[in-house]
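[1] return a 3D structure for these sequence lines:
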Amino acid sequence: MRKMIWILSLTVLAFAGAAVFAESVPWSGDRIVINEAGTYTLDETNTASGVYFNTPATLNGATLTLSAPAVVYGTGSLMTPLAGSDGLYVSNRWDSTDSVFPQTGSNTLLLAGASIAQMTNICASIGGFYATGSYTALLATKTVAFTKNEAGTEVTAQFHATNSSWAVAFKVKFTQSGSDIYGEVVWAKYWSDKTKSGQDWDINPPNTGTYGDYAAPYDKSRICITKFLVAYDLDLQGTFPGGTVTLDAGTVTVRPDANVTITACATGRMDKLAFAGSKTSLSDTSSPKITFSGTVRNTFSSGEFVLDGITVDATCPYLLPTGANLVLTNYASYTAVYEYMSPQAFPANCTVTVNAGCRVSAQSDWSVNNSATIIVNGGEFNINTGQGTYLQHLTLRNGGKVTGLRYVVGYTTTDSYTYTYGTGTCIIESAIRGAKNTSLPSLSHVFKTEADLRLTAGLGDYGANSGITWVKRGGATLAIEGNGNVSSGGSACGPFTVEEGKLFLGANNVIARTNAFTLAGGALDGGAFTNRLGTLTVTTNATLVAGTGALTFSDASATAWTAGARLSITGATETLTAGHIRFLGTGLTPSQLDAMRYNGTYHLKIDGNGWIRSYVPGLTLLFL
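    You can find the predicted model right below:
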């Protein structure tokens, strides 16, 4: 198992401001059992089968080797380095099933092997048909009026939730019996005033509107309180021995005191797992680094897996479990480096959030699962692979950035997307290559830009799978500033639809000549550049911006424009002259021309070379 030091953050609070004196380590056989608060120092290397904190305390000093079965129990601060190879079990989380229902007037066993004396909070869920309209669904609750007696043998707490009609609450009394916790329902109530949910109903009982009591028995056919949970927070420091680490706790924080290589497989349940350091910038190398090289994928379950101010390098793809929620903060970086075509470093249903100042780097093809979601919130997601990294679900917030050569979208069974939100302009420096799934030709890649997005390398095609459909939504601007020439086939050649906001063509030849263009709202702006596009279709009122460059469309006379849809052409000059917007071939029909106006006033005609010009009706127009 790994070599580690465990520190409980709650313990630090417990000792704040108190005088602490080193005491001899209390042994019970081959176990360390601490029953009194204090700081205990291990003077020399020793071996134990476990460390049991029956009260908050601190254990530090020399290396402690844990022999199997090794257990760390309770709410202590274990600051001494741990050694050994037989694995470790951290027992700081206890929960019941959803088939345990305490009643009124009798005690029900809820949590075996748990201690009320160490309890600082408890969670539960409300279930039953009366509360959820289902025999299986559960409502998460807010714990209110948590009260523990001085002896540490009894706790009362209220659990509040709301459904579509009612505020619902249970009050439960918990008692210690031996090493187990039992529970009894004190009352169960409902109230039509849902604004009162979360208040202490002993102090402010229901007294307005509709309210009443739920009578026993409590079960899922009616209403119940169930699925109780007690968990404590732990801080781990040092290095790790080998084996399997089972972490059953609330928040588990790993703080290496030197560079460390982790080979162990982590399993268990926790609300949050964090690897933490003290980096002050992304390039800071003074803080210890973690290298993960395990040969088995981690299987721990946590609400969040946080990299906080630390560098983590993975030489294998197994650090993130399936469904992981990875969050990077405070200049953290994560690099996944491993062999080509190995299992994915960003597995199915995982979410990766890269906050400002942080960086994630995918350094092998096929490393991101199609169902993975990448959220770059002011940070950087780097793609340093050959050609086969797919990003099907990408969100950029607050100036988030994607760097690297290229990545692929499409060739899946649902629309892929790129979303932008927040403040600041988001940037994708990588060329985006579209892969069309010919068996599902209606699928698209959607850019929904609620913040401006620059594509500095542009859009391209993925080899023979060319022709994906591109859609622009959202009120902000999507700027295509490159021609995608790092991908096979050059600029993207699939159809493009603008539904909202502006599509700005910020370079020459950013779209292939075969692209059929549809304006279904929003605006197309050619800027100062020269671009040759496919046909143009207008389905909803939209805008075409005549910049200082030239936009050339294929013959659009055979395309069906929606009756009544207006195309407003805008420009900086009073009139529109040749050299800005052109249609080849027959160009446009009279009805299409009649649907267009320049700067809201001038009618438009097409000259002998296909250029669109403005004119005032009733005046003779001479094309020279």
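[2] next, the closest residue in space to Gly585 that isn't next to it in sequence: secondary structure please.
    Leaving aside its sequence neighbours, Gly585 sits nearest to Asp555 (C-beta to C-beta, 6 or more residues apart in numbering; 3.0 Å). Backbone N, C-alpha and C define where each C-beta goes, glycine included. Under DSSP: H, G, I helix; E, B strand; the rest coil, the three-state class of Asp555 is coil.
[3] hmm, Gly587 and Asp555 touching each other?
    Yes: using C-beta atoms under 8 Å, Asp555 and Gly587 qualify as a contacting pair, with a distance of 6.3 Å.
[4] tell me which of these two has more neighbours.
    Gly587 (20 against 16; other C-beta atoms under 10 Å).
[5] so Tyr40 touches Val33, yeah?
    No: counting by C-beta under 8 Å, Tyr40 does not reach Val33; the two are 10.9 Å apart.
[6] shared neighbours, the two?
    The contact sets of Tyr40 and Val33 overlap at Pro26 (C-beta atoms under 8 Å, 6 or more residues apart in numbering).
[7] ok, now which ones touch the most centrally placed residue in the chain?
    Central residue of the chain (C-alpha atoms, centre = their mean): Thr351, 4.1 Å from the mean position. Contact analysis of Thr351 by C-beta under 8 Å, 6+ apart lists 324-326, 372-373, 375.
[8] could you check the pLDDT of the residue nearest to Gly585?
    Predicted confidence (pLDDT) for Asp555: 96.
[9] can you check Leu66 too?
    79.
[10] that one touches Ala83, doesn't it?
    Yes: counting by C-beta under 8 Å, Leu66 touches Ala83, with 7.3 Å between them.
[11] neighbour-wise, which of the two wins?
    Neighbour tally, Leu66 and Ala83, criterion other C-beta under 10 Å: the higher count belongs to Leu66, 26 against 19.
[12] excluding covalently adjacent residues, which one is nearest to the more buried one?
    Distance criterion C-beta to C-beta, 6+ apart; nearest residue to Leu66, sequence neighbours excluded, is Gly84 at 4.4 Å.
[13] where's that neighbour relative to Tyr40, distance?
    Here Gly84 is placed at a distance of 19 Å from Tyr40 (C-beta to C-beta, to the nearest Å).
[14] what's the burial count for the nearest residue to Tyr130 once chain neighbours are set aside?
    Leaving aside its chain neighbours, Tyr130 sits nearest to Ile223 (4.2 Å; criterion: C-beta to C-beta, 6+ apart). Ile223: 22 surrounding residues under other C-beta under 10 Å.
[15] which residues touch Ile223?
    126-131, 168, 188, 214 are the contacts of Ile223 under C-beta under 8 Å, 6+ apart.
[16] test my guess that the residue nearest to Leu66 contacts Gly50.
    No: between Gly84 and Gly50 there is no contact under C-beta under 8 Å: 11.3 Å.
[17] who touches both of the two?
    Residues touching both Gly84 and Gly50 by C-beta under 8 Å, 6+ apart: 66, 70.
[18] so between the two, which is more surrounded?
    Neighbours were counted for Gly84 and for Gly50 using other C-beta under 10 Å; Gly84 has more, 22 against 19.
[19] measure the more buried one to Asn541 for me?
    According to C-beta to C-beta, Gly84 and Asn541 sit 71 Å apart.
[20] same question, Thr535
    From Thr535 over to Asn541 the distance is 19 Å, taken as C-beta to C-beta.
[21] neighbour count for these two, which is higher?
    Comparing Thr535 with Asn541 by other C-beta under 10 Å, the one with more neighbours is Thr535, at 20 against 16.
[22] farthest pair within the contacts of Ile223?
    Spanning the widest gap among the contacts of Ile223 are Phe129 and Ala188, at 14.2 Å by C-beta to C-beta.
[23] which one of those two has more residues nearby?
    Set Phe129 next to Ala188 and count neighbours by other C-beta under 10 Å: Ala188 wins out with 24 against 16.
[24] how about the nearest residue to the more buried one, chain neighbours excluded?
    Ala188 sits nearest to Tyr214 (C-beta to C-beta, 6+ apart), 3.9 Å away.
[25] isn't the one you found right next to Val185, touching?
    No: under the criterion of C-beta under 8 Å, Tyr214 lies out of contact with Val185, with a separation of 9.2 Å.
[26] what touches both of the two?
    Residues touching both Tyr214 and Val185 (C-beta under 8 Å, 6+ apart): none.
[27] for stretch 467-476, what is the average pLDDT?
    The average pLDDT for stretch 467-476 rounds to 95.
[28] okay, that stretch in PDB with CA atoms only?
    Output in PDB follows, covering the C-alpha atoms of stretch 467-476 (Å, rounded to 0.1, in the frame of the first residue of the first chain):
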ATOM      1  CA  GLY A 467     -18.500  16.700 -44.600                       C
ATOM      2  CA  ILE A 468     -19.700  17.100 -41.000                       C
ATOM      3  CA  THR A 469     -22.400  19.700 -40.500                       C
ATOM      4  CA  TRP A 470     -21.400  22.800 -38.400                       C
ATOM      5  CA  VAL A 471     -24.000  24.900 -36.500                       C
ATOM      6  CA  LYS A 472     -23.400  28.300 -34.800                       C
ATOM      7  CA  ARG A 473     -25.700  29.200 -31.900                       C
ATOM      8  CA  GLY A 474     -25.500  31.700 -29.100                       C
ATOM      9  CA  GLY A 475     -25.400  35.500 -29.100                       C
ATOM     10  CA  ALA A 476     -21.600  36.000 -29.100                       C
END
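[29] buried sites along that stretch?
    For stretch 467-476, the neighbour count (16 or more other C-beta atoms under 10 Å) marks 467-474, 476 as buried.
[30] show me how far that stretch is from its chain's centre.
    Stretch 467-476 sits 23 Å away from the centroid of its parent chain (C-alpha atoms, centre = their mean, to the nearest Å).
[31] ok, now stretch 330-346?
    Stretch 330-346 has its average C-alpha position 17 Å from the chain's average C-alpha position, going by C-alpha atoms, centre = their mean.
[32] try stretch 285-298
    In terms of C-alpha atoms, centre = their mean, the centre of stretch 285-298 is found 21 Å from the chain centre.
[33] ok, now stretch 466-476?
    Going by C-alpha atoms, centre = their mean, where stretch 466-476 is centred and where its chain is centred differ by 23 Å.
[34] what's next to that stretch, contact-wise?
    Residues outside stretch 466-476 that contact it (C-beta under 8 Å, 6+ apart) are 409-410, 419-420, 434-436, 442-453, 459, 461, 478, 489, 492-503, 522.
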